[in-house]
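[1] Below: sequence and its predicted model.
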Protein chains: 2
Amino acid sequence: MEKEKFIDPWGSELPEDYAKLIREFGLEKFNVSDFPNPNKLMRRGLVFAGRSLGIISRAIKEKKPFYALTGIMPSSEKIHLGNKCVIDNLVYFQKQGAKTYMLVADLEAAATRGISLEESRKRALNYHIPAYIALGLNPRKTKFYFQSSNKEVTSLAFSLSGKATLNEYRAIYGSTSPARIMSSVLQVADILYPQLEEEMPGIIPTGIDQDPHIRLTRDIAKRAKGYKFFLPSAIYHKYTPALDGSLKMSKSKGNFIELPESSESIKKKIMKAVTGGRKTAEEQRKLGGQPEKDMIYELFKQHLIEDDKELLQRIKDNKAGKILSREDKEYAIELLNKFMDDFKRKFEKAKNLVPKLDIS
Amino acid sequence: MEKEKFIDPWGSELPEDYAKLIREFGLEKFNVSDFPNPNKLMRRGLVFAGRSLGIISRAIKEKKPFYALTGIMPSSEKIHLGNKCVIDNLVYFQKQGAKTYMLVADLEAAATRGISLEESRKRALNYHIPAYIALGLNPRKTKFYFQSSNKEVTSLAFSLSGKATLNEYRAIYGSTSPARIMSSVLQVADILYPQLEEEMPGIIPTGIDQDPHIRLTRDIAKRAKGYKFFLPSAIYHKYTPALDGSLKMSKSKGNFIELPESSESIKKKIMKAVTGGRKTAEEQRKLGGQPEKDMIYELFKQHLIEDDKELLQRIKDNKAGKILSREDKEYAIELLNKFMDDFKRKFEKAKNLVPKLDIS
């Protein structure tokens, strides 16, 4: 029971009742009409909540300075389609004029996962940064940095460490440890750091599981009197469920799509995916599909079908029994292969670009 | 009761029973014959214990590389005679061949005292570093650094933060907080950092109240398998009691001698000092003094009388009633003034030197 009070950013449980989350944690419901040129995650309710959204919406409309920031933990060697949601939203804000920051959490990876700084640097330069660029991040308009190289961030972390108590960490996270405390404080410093460079509000696009960090950052920003920080805004998307409909991405189960992934592997994973289809083709034609339970439709909705009309028509046709699950899967494989070819091409190009970027 | 188990480095209680401390915390008794050319603190039992002293004693005798390190917290604007013990021991090891490190704990001062990095830098460059040099530190043979500028140290701190649990912090310190955890881990990194530059043992001269940090550092060094650290050695001196015989240095009570201090102020403070003298001169001549309870003799022993024979003779004469407390005080004032003139001259010279040093 007690555990339910926490959204655990280190766990991987899927919060099932998003409305309840909004109520319990005092989130703002995301209102798509407040944001110009919404991306498909926003249009389709996948972005569902946030904090201090108004100040960012106004900054976009009034063309005032604001920033968007994301961090990557190089503990995973590859990212997957679920991670793409963060990047889509980051790219959205970049296109709306946000000063954009992408940081490599190498100190956190060292503290909580025992990954050496060298290994983190290698992974980030060879994979994560080019992958983000391939997914749409404009490298010329992004400030990249490694935590271990950013003295301002580490110094800010130490300065801010006295602004929250151990009990607050426990109240926010449920449990804690020295390494997690240090990582959390450093994350707070990362999130606020752009405001040392320029007084402006900023937004963190992230999964709802990261809200505890955002709350901690807002609490600390409020108390850091000397700094005059804007409380950071946040925008939250829902989880991408795994292809088997479960709540956990599992490498051994092969229930999620990595970037990149070979065509054979895509086929194998998609063919195993859980759908809302009926037992037989006949039944499907008679009763219709259940796209709301269909992991292939999750993929269509989140990543593969850009056009809203096409998506709606397909959902309608599936419900009407006009499309068989096998056909959906074949189409998903086709779209994924196309997506992956495009990704690989852009990734190789980005990899060549990275050494020319000013990354400290 | 529970509290007695801890030596609290943030408190200022004087542990009264040093032998008990040695037993309870498993310290090594300091053996003066193990160290060549012992300084007066060592010769007079003021240095009383340590950890892993043998490896340092051997390094000195065999002329093998080792280091000595101290850190200063620029939270205090001035140092006092009590602090001088650390410097005396640091200088001792420097003279015996130690590679010497002096770091400014500006990140700790920011975390636990809210002092800005700029303020810390100013204080250290204008006061603490020249004061240490004036007290005998050889600046040409010392590596100075600010924590906020030393990426290797902050990175090491994050890497090592997972090597101790919250419960261990609690067991060592009694209580803790996020700012203290971060400061402690950073201190651990400071202490081990010279070993990243060269594989060698090192010794930390410090007050016995800092043993918890040393224990934590040794525990973490033991567990940091990838690094092959020597467990840091430590050498502990007793407290300098305040001039009123109390356990607490108090600015408002004026019960300790700052560096520098004016001649009038010295006179005022010394005249108020608690002595082992009797109520009247007559009684003193009859019964003799009690130098073991006499704060003036503490000063003679720790700082003012270099020559052992002179000190012993004076103690003998005092006990025999041949010296009145007023005479002791006058002599202390004379020696302190001489010491202070010397300090001020060397301090001004050192201040001019500091801008030419390579301090990062």
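    Alright, I've got the coordinates.
[2] check which helix or strand covers A:Ala179.
    A:Ala179 is located in helix A:178-192, with elements delineated by DSSP states H and E.
[3] which strands and helices sit next to the very next helix or strand once past that helix?
    In the C-terminal direction, the helix or strand that comes right after helix A:178-192 (DSSP H and E) is helix A:194-197. If contacts are counted by 3 or more Cβ pairs under 8 Å, 6 or more residues apart in numbering or on different chains; DSSP states H and E, helix A:194-197 sits against strand A:67-72. Where you see a C-beta, it was placed from the backbone N, CA and C, and this is true even at glycine.
[4] so A:Leu299 sits in a strand?
    No - counting by DSSP: H, G, I helix; E, B strand; the rest coil, A:Leu299 falls outside a strand, being helix.
[5] my read: it touches A:Gly82, true?
    No - counting by Cβ atoms under 8 Å, A:Leu299 sits too far from A:Gly82 to count as a contact (10.7 Å).
[6] and after the helix or strand containing A:Thr217, which helix or strand comes next?
    In this assignment (DSSP H and E), A:Thr217 forms part of helix A:211-223. Of the helices and strands lying after helix A:211-223 in sequence (DSSP H and E), the nearest is strand A:233-237.
[7] Report the rounded mean pLDDT for that next one.
    Strand A:233-237 shows a mean pLDDT of 97.
[8] Mind listing the strands it pairs with, and their directions?
    Paired neighbours of strand A:233-237 in the sheet (DSSP bridges): strand A:47-51 (antiparallel), strand A:202-207 (parallel).
[9] Neighbours of the residue lying closest to A:Met73 once chain neighbours are set aside, how many?
    Excluding its sequence neighbours, the residue lying closest to A:Met73 (Cβ to Cβ, 6 or more residues apart in numbering or on different chains) is A:Ala105, at 4.9 Å. A count of neighbours around A:Ala105, defined by other Cβ atoms under 10 Å in any protein chain shown, yields 24.
[10] A:Lys344 too?
    A:Lys344 has 14 neighbouring residues, counting by other Cβ under 10 Å.
[11] May I ask which helix or strand encompasses it?
    When secondary structure is defined using DSSP H and E, the element that contains A:Lys344 is helix A:325-353.
[12] And the residue of the stretch 201-350 of chain A closest to chain B?
    A:Gly226 (8.0 Å; Cβ to the nearest Cβ).
[13] count of neighbours near that residue?
    The number of residues packed near A:Gly226 is 8, by other Cβ under 10 Å.
[14] residues in contact with it?
    If you count contacts by Cβ atoms under 8 Å, 6 or more residues apart in numbering or on different chains, A:Gly226 has none.
[15] can you check A:Asp219 too?
    The contact partners of A:Asp219, taken as Cβ under 8 Å, 6+ apart, are A:Lys163, A:Ala164, A:Glu168.
[16] my read: the second one touches A:Ile220, true?
    Yes - under the criterion of Cβ under 8 Å, A:Ala164 is in contact with A:Ile220, at a separation of 5.7 Å.
[17] What segments of chain A are strands?
    With DSSP state E, the ranges of strands along chain A come out as A:28-29, A:47-51, A:67-72, A:79-80, A:99-104, A:142-146, A:202-207, A:233-237, A:258-259.
[18] I'd like those as TSV, with mean neighbour count appended.
    Below are the strands of chain A laid out as TSV (neighbours: other Cβ atoms under 10 Å in any protein chain shown):
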stretch	mean neighbour count
strand A:28-29	14
strand A:47-51	23
strand A:67-72	24
strand A:79-80	18
strand A:99-104	23
strand A:142-146	21
strand A:202-207	25
strand A:233-237	27
strand A:258-259	20
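[19] Check which helices and strands the helix holding A:Lys344 sits against.
    Counting contacts by 3+ Cβ pairs under 8 Å, 6+ apart, helix A:325-353 packs against helix A:129-134, helix A:263-272, helix A:295-299.
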